[in-house]
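Asker: Next comes the sequence, and after it the predicted model I'd like to discuss.
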Amino acid sequence: MAVVLSVLLLFCFCFGFHVDDVTGTSGHTAGVFSWYNKFSMMNIDELNGLETGIRNAIKDNLMSELMSFPETGIVSTVSPGCIKDTANFPIQALDAFGKPRSGILRENFAWLGNFHECTSLGTYQHCVADMQINAPMNNGTTNLTVPISWGICMPKSCSEDDIEILIKQLDVPFFHLNREPQTGKSDKPPGVVHCNQIPAKSYDAGFICVVTLSSILGFLMLLGAAVDVYIRWFESPQNINGYQRIDSSPGTVDTKSERTPLLTGGTPNDSVHVEVQRHNQTPKKQGFLTRFLLCFAVNRSLEKLLNAKQGDKSVGCLNGIRVLSISWVILAHSLLYPLQQFLYDNTIEAYDFVKRLDFTVVIQGEYAVDTFFLLSGCLLTYLTLGKMAHTNGKLPWGLFYFHRFWRLTPVYAAMILFIIFLDPYIGSGPLWYRYIDHPSCEKYWWRNLLYISNFFPKSEMCMDWSWYLPNDMQFFVISPFILILLHKVPKVGAGLLATLTAISIIIKASLTAKYGMGGGVFGAGGVAGAYWDKIYDKPWTRISPYFVGMAVGFIMVRRPHLRMRPIVVLCGWVLASAVGLVVIYVVNNAFYRDWSLAEQGIYNGLGSFTWASCVGWVILACKNGYGGWINTFLSWNFWVPVGRLTYTVYLVHPIIVRNIIFSNSNPFSFTIIPISTRFTGGIVLSHMVAFVFALAIEFPFANLEKLLIPSNVEKKKSEKERNKEQA
């Protein structure tokens with residue numbers, strides 16, 4: 001019940017209150033919290049003086065300085081064309097300049113101006129200058145440095161260097177260029193003026209190649225559908241009235257071959273299609289080219305995707321857990337990214353709401369990823385041990401690994417291509433420049449495809465949110481050694497599983513006690529910036545929920561019909577719910593009291609393991625008939641097709657969320673309606689895009705695997721057919 005209550009509360013909080021923060025830990029929000037602390041140190045007179053001083057200085061000096069650019073005597077250092085075009089600013093260009101907005105003391109640091117008014121002028125470009133305000137505080141003994149994103153509308157003849165020189169001539173008290181790159185721009189050079197172009201980049205060879213490949217895929221999808229329609233309508237012996245349905249996949253489907261539970265609630269390999277033959281007529285044997293084209297048939301992929309039927313032996317509650325967990329992740333990211341970019345116009349209010357107990361669930365989005373690890377280990381063990389029981393422990397381990405790699409990589413690679421070559425062209429806005437460059441993907445994409453990117457610094461990681469995949473792949477690689485022991489010597493295998501789990505907990509706790517959890521909420525010592533690279537995405541700290549999942553899967557195999565007394569069931573639900581809620585909400589205490597490094601270590605070391613154990617109870621209880629209405633809800637057939645999109649949604653949702661944010665022309669407000677709208681839009685758009693990727697890449701490539709490497713079932717079936725023909 002812990003997972004159900006927490007996720008249900010998540011949605012209630014989203015639509016009933018104001019929410020914010022991050023997946024993982026508070027390290028991502030440390031910068032925002034530090035600004036809050038600085039402002040809170042100022043007395044009321046200093047606050048009033050700061051705001052008045054900013055407004056008067058800019059009101060009295062800024063626009064007059066802009067109008068006097070041609071007389072500043074800097075013609076020798078600015079290009080002649082720029083000097084000429086700045087001589088007569090049209091009123092629309094001046095109107096499009098960013099002005100000081102209300103709420104500066106609420107950390108409204110984005111004065112972006114009017115992007116569309118500026119670009120509509122044709123010969124003008126919208127630029128953003130990274131500025132800073134150096135204002136006195138504590139009775140003038142110290143200065144408060146505030147970063148400002150200032151939108152300016154300048155002629156296209158002015159380069160970024162020209163604009164930087166012109167801005168330096170502005171004589172505005174404590175309003176200066178900021179040489180420190182702003183949050184979220186670690187991939188950008190340390191320039192302080194960034195001009196947006198439409199399109200953001202020239203259409204290069206990479207763009208043309210990816211568009212061409214996409215067109216070929218689209219053509220194959222339509223051609224495959226046409227071939228399928230032709231076969232069904234014109235080659236069937238009974239044509240329409242005596243309709244003969246041909247198996248919608250190139251080979252017999254193995255319903256237990258899935259190895260990526262996060263990622264799908266059933267994949268193309270899980271879709272069971274019944275072959276119906278009328279009048280005992282044998283379908284016409286299809287050639288390789290026909291079967292190849294049918295792999296891409298969009299109508300067949302659509303039929304598989306939308307199939308909501310669940311097998312008798314399926315664990316239905318996993319579908320609901322999977323979908324609700326990815327929704328939790330999307331909610332956290334939807335609220336995190338504007339916070340990282342200082343794009344809320346009331347960040348102080350956002351921070352105040354984050355401190356509320358009922359919003360702590362959003363901060364704890366990291367546990368949604370631990371749930372995925374749990375599901376992955378659980379299904380892997382449950383399905384593989386079930387197969388090993390029928391094959392005397394023998395499995396084609398080479399194909400075991402190949403299937404996993406083939407299952408994940410095509411969509412993953414396609415997403416990397418999309419980010420590098422297509423994503424820069426699908427949006428525009430004053431802050432779009434912060435998003436369009438992905439040098440880490442251009443340099444280090446191969447690390448992602450080898451599933452080793454989590455061994456390198458975050459600054460070198462392409463698609464940093466995809467850190468889950470290399471971890472899950474690495475866990476998968478070592479899993480056969482444990483699975484073999486669990487099959488042959490169950491007690492030894494279980495002991496090894498418990499030992500490895502304890503080692504992972506100790507390592508994570510020790511590293512956290514040394515480096516801390518990233519500051520911000522916890523704010524007690526540690527090493528700045530070390531949490532991610534030393535702890536957050538490393539397999540030795542992340543694997544304990546996976547081991548818990550393997551233990552749950554092992555129990556499901558060994559005790560397929562687990563019987564428990566009512567008192568045991570009651571205690572199990574009460575304990576799992578209480579402990580799960582404590583794991584989620586106890587961190588709220590850190591807003592009001594700095595946790596020591598030892599406390600952080602204990603919490604971080606045990607948190608993931610404890611949460612996974614609570615969710616593991618939910619799975620065992622639901623599977624064995626002790627879930628009641630919770631199992632009914634989590635096993636709802638609606639979750640089945642939605643769950644099949646989870647993998648692609650996981651990959652694509654940060655792209656959608658960031659596009660929504662960086663295409664926006666104004667700061668966001670931390671209030672109910674904007675938050676609900678952005679979260680809902682992120683959910684819907686992510687699933688829509690995932691739907692396209694699944695039909696175009698995920699399902700076709702799964703079919704290609706079955707075409708190129710037929711399963712043993714299909715081989716036996718083919719042998720029987722050949723024997724019948726010979727007889």
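Answerer: Good, I have the coordinates.
Asker: Check the offset of stretch 651-667 from the chain's centre.
Answerer: Its chain's C-alpha centre and that of stretch 651-667 lie 12 Å apart, by CA atoms, centre = their mean, to the nearest Å.
Asker: CA atoms only for it - export them in PDB, please.
Answerer: Output of stretch 651-667 as PDB, limited to C-alpha atoms (Å, rounded to 0.1, in the frame of the first residue of the first chain):
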ATOM      1  CA  LEU A 651      13.500   8.300 -22.800                       C
ATOM      2  CA  VAL A 652      11.400  11.000 -24.500                       C
ATOM      3  CA  HIS A 653       9.800  12.800 -21.600                       C
ATOM      4  CA  PRO A 654      12.700  15.100 -20.600                       C
ATOM      5  CA  ILE A 655      12.900  16.200 -24.200                       C
ATOM      6  CA  ILE A 656       9.200  17.100 -24.200                       C
ATOM      7  CA  VAL A 657       9.400  18.800 -20.800                       C
ATOM      8  CA  ARG A 658      12.500  20.800 -21.800                       C
ATOM      9  CA  ASN A 659      11.000  21.800 -25.100                       C
ATOM     10  CA  ILE A 660       7.900  23.100 -23.300                       C
ATOM     11  CA  ILE A 661      10.100  25.100 -20.900                       C
ATOM     12  CA  PHE A 662      12.700  26.500 -23.300                       C
ATOM     13  CA  SER A 663      10.100  27.400 -25.900                       C
ATOM     14  CA  ASN A 664       8.300  29.500 -23.400                       C
ATOM     15  CA  SER A 665       8.600  33.300 -23.800                       C
ATOM     16  CA  ASN A 666       8.000  34.200 -20.100                       C
ATOM     17  CA  PRO A 667       8.800  32.900 -16.700                       C
END
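Asker: where do the strands sit along this protein?
Answerer: Using DSSP state E, the strands of the chain run over 110-111, 124-137, 142-155, 175-177, 193-195.
Asker: who touches the first one?
Answerer: Yep, that's strand 110-111 we're talking about. 98-101, 148-151, 342-343, 345, 666-667 (CB atoms under 8 Å, 6 or more residues apart in numbering). For the C-beta atoms, the positions are set from N, CA and C on the backbone; glycine is no exception.
Asker: 10 Å instead?
Answerer: By CB atoms under 10 Å, 6 or more residues apart in numbering, the list of residues contacting strand 110-111 from outside reads 58, 97-101, 104, 128-129, 131, 147-152, 338, 341-345, 430-431, 664, 666-668.
Asker: Can you tell me which of the residues you listed are classed as buried?
Answerer: By neighbour count, with 16 or more other CB atoms under 10 Å, these hold 58, 97-100, 104, 128-129, 131, 147-152, 338, 341-345, 430-431, 664, 666-668 as buried.
Asker: circling back: ok, of the strands of the chain, where does mean pLDDT dip lowest?
Answerer: Out of the strands of the chain, strand 175-177 stands lowest, with a mean of 64 (criterion: mean pLDDT).
Asker: which regions of the stretch 601-727 of the chain lie under the pLDDT threshold?
Answerer: Where the stretch 601-727 of the chain drops to pLDDT under 70, the residues are 711-727.
Asker: now the helices for it?
Answerer: Ranges of helices in the stretch 601-727 of the chain, per DSSP state H, counting those that start in this stretch, are 628-634, 639-643, 646-662, 672-693, 699-708, 712-726.
Asker: Residue 306: which of those is closest?
Answerer: Among those, helix 639-643 comes nearest to residue 306, with 5.1 Å by CB to CB.
Asker: so what does the closest one touch, helix or strand wise?
Answerer: When contacts are defined as 3 or more CB pairs under 10 Å, 6 or more residues apart in numbering; DSSP states H and E, helix 639-643 sits against helix 298-306, helix 317-340, helix 646-662, helix 672-693.
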